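A.B. asks: Here is my input, please return the structure:
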Amino acid sequence: MRRHFTLPGLLRATMMLLLISISVGAAAQEQDSTQAKPEKYHISQPWSFYINGGATNYFKAINNELDPYFNAYFNEITPFVGAGIQRKINDVFSIETEYEFGFARAIGNDYSYYHDINLNGLINFTNLQAKDVSQKRYAFYGKVGGGVNLFEPSPNIVKPKDKYKISYQVGLLFDYNLTHHLGFRLGASWRGLDSQYYEGGNDKDYKWLRNPNYLVGEVGLVYKFGKRRGEKTAEDMLDLDKKFGLKEVPLAVNSEKKLLPGHEYHLDIKIQKGDLTTPGMLNIPLPKGIYAWDDSTKSYTKTDIHVDYPQLPKGSTMMLSYKILPLKDYSGAQEIDGHFGFYRTGDDNVKISGHLYKDAVYRFAVQVGAFAQYHYTAGELARILHLTEPIKSEEQDGYLKFTLGTFDTYPEAEAFKKRIRRDTKIKDAFVVGYKNGVRLRSISGEFYGVYDDN
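C.D. replies: Residues are numbered from 1 along each chain as shown. I've put the predicted structure just below:
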């Protein structure tokens with residue numbers, strides 16, 4: 001028993017094709033957004049040649065044995081093959097010309113043929129919002145256009161009055177780059193003909209008609225070629241790698257002491273590269289708990305420092321500076337490692353060094369109020385607490401404060417504050433901070449919540 005495909009069945013198949021395309025595109029987008037790419041290899045060439053094939057319901061069969069008004073029909077799913085040329089106008093708009101050859105069973109084992117020649121305009125939806133189109137391995141296109149349809153009927157088909165008819169179409173395409181040149185394509189389109197039905201001969205069971213509106217599902221391969229004027233292609237960068245190889249110079253920046261959580265630091269990088277102007281890359285993964293300043297978010301959120309240079313700047317020396325901040329999850333690492341990579345030219349002597357220092361000078365003082373109310377003299381406090389520096393007074397907000405000790409780090413000041421509260425009757429000792437000699441209003445606000453005011 002022969003099974004016939006229906007138009008709803010073809011629609012379901014077309015929707016499944018689009019869903020597969022969207023799923024593949026979403027996976028590619030997730031990969032692009034989570035993985036850093038040192039080189040931008042997927043630069044789009046302006047010209048593309050493609051071959052494709054697929055299925056269409058160009059013909060439909062009408063059962064006229066029981067229904068002379070042709071109310072019952074089914075679609076005949078038949079194959080086609082084609083080829084085309086696509087030219088980019090810019091990163092969003094393209095034009096293409098395509099040719100398709102297809103056939104469908106007409107009566108019995110006889111076949112009719114058709115030729116479609118179209119000129120279409122394409123819009124790249126993916127690049128409309130892309131920040132860096134050179135790194136996209138995939139693209140969604142909308143397609144609209146038209147052309148000429150040439151019908152060659154079999155002997156069992158009544159020849160049409162006009163052999164050539166105007167055709168028009170709308171559709172969607174999904175392209176995925178397999179390599180720098182070769183890509184994979186999925187597509188679906190709806191097409192219409194400015195045409196009448198074409199009836200078949202005196203077949204016992206069916207009359208065969210050409211659909212004035214039909215669907216096309218396609219799969220194909222795309223070959224991209226050409227080069228924009230003044231644009232470095234992926235192959236330019238790969239050729240450097242083949243000829244000279246990628247060289248990496250290690251970077252190790254050591255801190256004399258363990259970094260202090262909540263303190264901002266400057267990381268200065270000096271790269272002595274001579275006349276080198278090839279593509280390069282700086283990559284510094286930060287230890288756990290250390291974050292770099294992100295200008296786009298205006299906060300410390302980046303877990304590494306990564307910069308790509310399609311072409312190194314002119315000059316023999318590069319001076320770079322970055323702000324970093326250890327926070328509560330700081331692991332205690334005192335060394336920051338990274339590397340500077342570049343394409344060798346055969347005569348290079350690149351050196352890289354780094355220097356790490358605090359953005360500001362902080363001091364932490366432990367103060368109390370008027371300790372005379374606890375019946376202590378300055379000499380008695382100095383003896384009990386083993387003070388080696390004289391007690392200093394400071395007026396703040398109209399009140400007199402007394403400094404019993406000053407320290408370079410907050411933990412040292414916090415420990416001394418607890419000792420005062422434990423070994424004396426003074427229970428209101430507190431820690432205050434100074435930045436470059438200026439008293440801080442809030443320690444917690446200055447140190448991003450790492451240290452609390454108390």
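A.B. asks: For the rest of this, base every contact and every neighbour count on C-alpha atoms.
C.D. replies: Fine.
A.B. asks: show me the contacts for the residue located most distally from the centre of the chain.
C.D. replies: Distance from the C-alpha centroid of the chain peaks at H375, with 67.6 Å (C-alpha atoms, centre = their mean). By C-alpha atoms under 8 Å, 6 or more residues apart in numbering, the contact set of H375 is empty.
A.B. asks: Return the backbone torsion pair for A382.
C.D. replies: Note on A382: its backbone torsions stand at phi -60, psi -40 [degrees, to the nearest 10].
A.B. asks: what sits against it?
C.D. replies: Contacts of A382 by C-alpha under 8 Å, 6+ apart are T388.
A.B. asks: With F174 instead?
C.D. replies: Contacts of F174 by C-alpha under 8 Å, 6+ apart are 21, 138-141, 185-187.
A.B. asks: How about G84?
C.D. replies: 49-51, 96-99.
A.B. asks: quick one: the closest residue to it other than its chain neighbours and Q272, what's the gap?
C.D. replies: Distances taken as C-alpha to C-alpha, 6 or more residues apart in numbering place E98 nearest to G84, at 4.0 Å, with adjacent residues excluded. According to C-alpha to C-alpha, to the nearest Å, E98 stands 54 Å off from Q272.
A.B. asks: Lowest mean pLDDT among the helices and strands of the protein, which one is it?
C.D. replies: helix 7-34 (a mean of 45; mean pLDDT, DSSP states H and E).
A.B. asks: what are the ranges of the helices in the stretch 301-450 of the chain?
C.D. replies: 378-385, 410-423, 443-446 (DSSP state H, counting those that start in this stretch).
A.B. asks: Y214 reaches G171, doesn't it?
C.D. replies: No: in this structure, Y214 is not within contact of G171 by C-alpha atoms under 8 Å, at 11.9 Å.
A.B. asks: which neighbours do those two share?
C.D. replies: By C-alpha under 8 Å, 6+ apart, the residues touching both Y214 and G171 are W190.
A.B. asks: Tell me where the model's unsure across the stretch 351-454 of the chain.
C.D. replies: 371-373, 397-398, 453-454 (pLDDT under 70).
A.B. asks: Can you name the residues that contact the closest residue to Y362 other than its chain neighbours?
C.D. replies: Leaving aside its chain neighbours, Y362 sits nearest to K435 (4.7 Å; criterion: C-alpha to C-alpha, 6+ apart). Contact analysis of K435 by C-alpha under 8 Å, 6+ apart lists 360-363.
A.B. asks: ok, what's across the strand from K435?
C.D. replies: Beta bridges link K435 to Y362, V438 when assigned by DSSP bridges.
A.B. asks: what's the distance between the residue nearest to A365 when sequence neighbours are not counted and L215?
C.D. replies: Once flanking residues are discounted, A365 sits nearest to T406: 4.3 Å by C-alpha to C-alpha, 6+ apart. Look at T406 and L215: by C-alpha to C-alpha, they are 82 Å apart.
A.B. asks: What about the contacts of F174, which one has the most neighbours?
C.D. replies: In terms of neighbours by other C-alpha atoms under 10 Å, the contacts of F174 top out with G187 at 24 neighbours.
A.B. asks: Mind listing the residues bridging to that one?
C.D. replies: Beta-bridge partners, per DSSP bridges, of G187: L173, E218.
A.B. asks: what sits up against stretch 291-306?
C.D. replies: Contact with stretch 291-306 is made by 281-286, 290, 322-327, as judged by C-alpha under 8 Å, 6+ apart.
A.B. asks: what comes up buried for it?
C.D. replies: By 16 or more other C-alpha atoms under 10 Å, the buried positions in stretch 291-306 come out as 291-294, 300, 302-306.
A.B. asks: Tell me which two in these are the farthest apart.
C.D. replies: The span of the buried residues of stretch 291-306, defined through C-alpha to C-alpha, is set by Y300 and H306 at 14.7 Å.
A.B. asks: picking that back up, among the contacts of G84, which are in strands?
C.D. replies: 49-51, 96-99 (DSSP state E).
A.B. asks: So among those residues, which ones count as buried?
C.D. replies: Of the ones in strands among the contacts of G84, these count as buried by 16+ other C-alpha under 10 Å: 49-51, 96-99.
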